[in-house]
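K.L.:
Provided below for reference: sequence and predicted model.
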Amino acid sequence: MAELPATPGLERIFVQIPSYRDAECQWTVKDLFDKATHPSRIFVGIFWQLDPEKDQHCMWVPFPKGQVREKWYHSRESQGLGWARAEAQSLWQGEEYSLQIDSHMRFAPGWDETFLDTLRRCPSKRAVISELPAAYTPPHHIDKNAYCNVLTAKSFKSDGGLFHGTVPVPAELGRPALAAFIAGGYIFGPAQIIKDAASDPYLYFSQEEILTAARLWTHGWDLCAPDRTILYHYYNVTEESKKRPLHWSDNADWGKINSVSHERFDHLMDVKKATGSAVLKDIDQFGMGTARSIQDYWAFCDVDFRTKAIGLRGKHGLFDPDLYRLYLKKQNYSL
């Protein structure tokens, strides 16, 4: 595919995608270029983790020349999601905005302009946009009943992370809503977030989202839920989709990486201090910010990560003062 002609003066968007043996990735990239208002502003970094003998079907679609940067690893050498996100992120070359996604996504028409406009309408000048994205089923069957949502703290996982629920961003709010949590496959903001909270390669999988949210927030970024549907995610709900290989089904040593990741999570979240060199490797590089404390983050998201207690604001996503006032006025949420 030929390089797309550049449009002078357009702010650029870097889309970072880690892909583990996923045939949907190529269609994700095609869709993001097809649906952009200005495809020439889009630059993509893909970190492929493939088995060259078994995954030829993942590489059928040609990409625009000069706008897609790629790294390759054999899937047997993969070290988990945090590592893969860090490798994809390393392909950034100074674009003004960053979009972190998964390898199985679809896009609303004009998504690039919608993201930039949504960011401008956020109740903060240092906003990062994230939500649990709406669903699609390949090739292009989108959930038309999806709603924009604020992620909530539903319950704790055994590893200390959180299961998330969602509550709608009500139309009456008239803007994106302040939030406390993010979905790792949907993070949009100024590219400074790559410098402030670079992906931690020593996190395996489920701890990634909470730590990323906490690191962004303590670096002074305000997390916001959008009020327009922009992205769609494939949640692998069909029997056929379960055939797609996953890292933990391919790699017998995943448990060792995951164990270190658990301890690192507890250390960074100030739950339990660690001493092991493997757990603390490059810890300062991937630590919390100094604009706000981790204890202040606990208070803001209304979650105690030591006692595993979740308050009413955390459980019902009432982090935005105006959203909370709407709740009090209209009882939109049943507490």
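P.N.:
It's in.

K.L.:
please name the nearest non-neighbouring residue to Asp198.
P.N.:
I think there's a mix-up here, since residue 198 is Ala and not Asp. Once flanking residues are discounted, Ala198 sits nearest to Gln89: 6.3 Å by CB to CB, 6 or more residues apart in numbering. For glycine as for every other residue, the C-beta is placed from the backbone atoms N, C-alpha and C.

K.L.:
let me fix that, I meant to ask about Gly110.
P.N.:
Gly110 sits nearest to Thr37 (CB to CB, 6+ apart), 4.6 Å away.

K.L.:
can you say which helix or strand has that neighbour in it?
P.N.:
Counting by DSSP states H and E, no helix or strand carries Thr37.

K.L.:
that one touches Asp117, doesn't it?
P.N.:
No - using CB atoms under 8 Å, Thr37 is not in contact with Asp117, being 10.7 Å away.

K.L.:
quick one, helices of the stretch 201-335 of the chain?
P.N.:
208-218, 247-250, 254-268, 294-301, 312-316, 321-330 (DSSP state H, counting those that start in this stretch).

K.L.:
buried stuff in the fifth one?
P.N.:
Same thing as helix 312-316. Arg313, Gly314, Lys315, His316 (16 or more other CB atoms under 10 Å).

K.L.:
equivalent analysis for the last one, please.
P.N.:
When burial is assessed from 16+ other CB under 10 Å, helix 321-330 yields the following buried residues: Leu323, Tyr324, Leu326, Tyr327.

K.L.:
packing partners for the helix or strand of the chain with the lowest mean pLDDT?
P.N.:
Ranked by mean pLDDT, DSSP states H and E, the weakest helix or strand in the chain is helix 247-250, scoring a mean of 77. Using 3 or more CB pairs under 8 Å, 6 or more residues apart in numbering; DSSP states H and E as the contact test, no helix or strand touches helix 247-250.

K.L.:
which residues touch it?
P.N.:
Tyr20, Arg21, Gln49, Ser75, Arg76, Ser78, Gly80, Leu81, Phe205, Trp254 (CB atoms under 8 Å, 6 or more residues apart in numbering).

K.L.:
hmm, try it at 10 Å
P.N.:
By CB atoms under 10 Å, 6 or more residues apart in numbering, the list of residues contacting helix 247-250 from outside reads 20-21, 49, 51, 75-76, 78-81, 83-84, 204-205, 254-255, 257-258.

K.L.:
narrow these to those that are buried.
P.N.:
Applying 16+ other CB under 10 Å to the contacts of helix 247-250 flags 20-21, 49, 75, 78-81, 83-84, 204-205, 254, 257-258 as buried.

K.L.:
tell me the one of the residues you listed nearest Lys65?
P.N.:
Lys65 lies nearest to Gln49 out of the buried ones among the contacts of helix 247-250, by CB to CB, at 23.2 Å.

K.L.:
same for the strand or helix carrying the closest one, what does it pack against?
P.N.:
Assigned by DSSP H and E, Gln49 belongs to strand 42-50. Here strand 42-50 touches strand 13-20, helix 24-35, strand 68-74, helix 81-89, strand 97-101, going by 3 or more CB pairs under 10 Å, 6 or more residues apart in numbering; DSSP states H and E.

K.L.:
can you redo these as a markdown table with mean pLDDT and distance to Ala135?
P.N.:
Putting the helices and strands packed on strand 42-50 into a markdown table (pLDDT from 0 to 100; distance: least, CB to CB, whole Å) gives the following:
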| stretch | mean pLDDT | distance to Ala135 |
| --- | --- | --- |
| strand 13-20 | 97 | 18 |
| helix 24-35 | 97 | 13 |
| strand 68-74 | 96 | 26 |
| helix 81-89 | 96 | 20 |
| strand 97-101 | 98 | 14 |
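
K.L.:
by pLDDT, give me the weakest of the buried residues of helix 321-330.
P.N.:
Lowest in pLDDT among the buried residues of helix 321-330 is Tyr327, which has 79.

K.L.:
what do Thr37 and Asp117 both touch?
P.N.:
The contact sets of Thr37 and Asp117 overlap at Gly110 (CB under 10 Å, 6+ apart).

K.L.:
mind listing what's buried along stretch 149-160?
P.N.:
Asn149, Val150, Leu151, Thr152, Ala153, Asp159, Gly160.

K.L.:
could you export the residues you listed as a markdown table, including secondary structure, pLDDT and distance to Glu11?
P.N.:
Shown next, in a markdown table, are the buried residues of stretch 149-160 (DSSP: H, G, I helix; E, B strand; the rest coil; pLDDT from 0 to 100; distance: CB to CB, whole Å):
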| residue | secondary structure | pLDDT | distance to Glu11 |
| --- | --- | --- | --- |
| Asn149 | strand | 98 | 27 |
| Val150 | strand | 98 | 27 |
| Leu151 | strand | 98 | 27 |
| Thr152 | strand | 98 | 32 |
| Ala153 | strand | 97 | 34 |
| Asp159 | coil | 80 | 38 |
| Gly160 | coil | 81 | 38 |
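
K.L.:
out of the residues you listed, which comes closest to Tyr232?
P.N.:
Nearest to Tyr232, judged by CB to CB, of the buried residues of stretch 149-160 is Asn149 at 13.4 Å.

K.L.:
excluding its backbone neighbours, what's nearest the closest one?
P.N.:
That would be Thr166: by CB to CB, 6+ apart, it lies 3.7 Å from Asn149.
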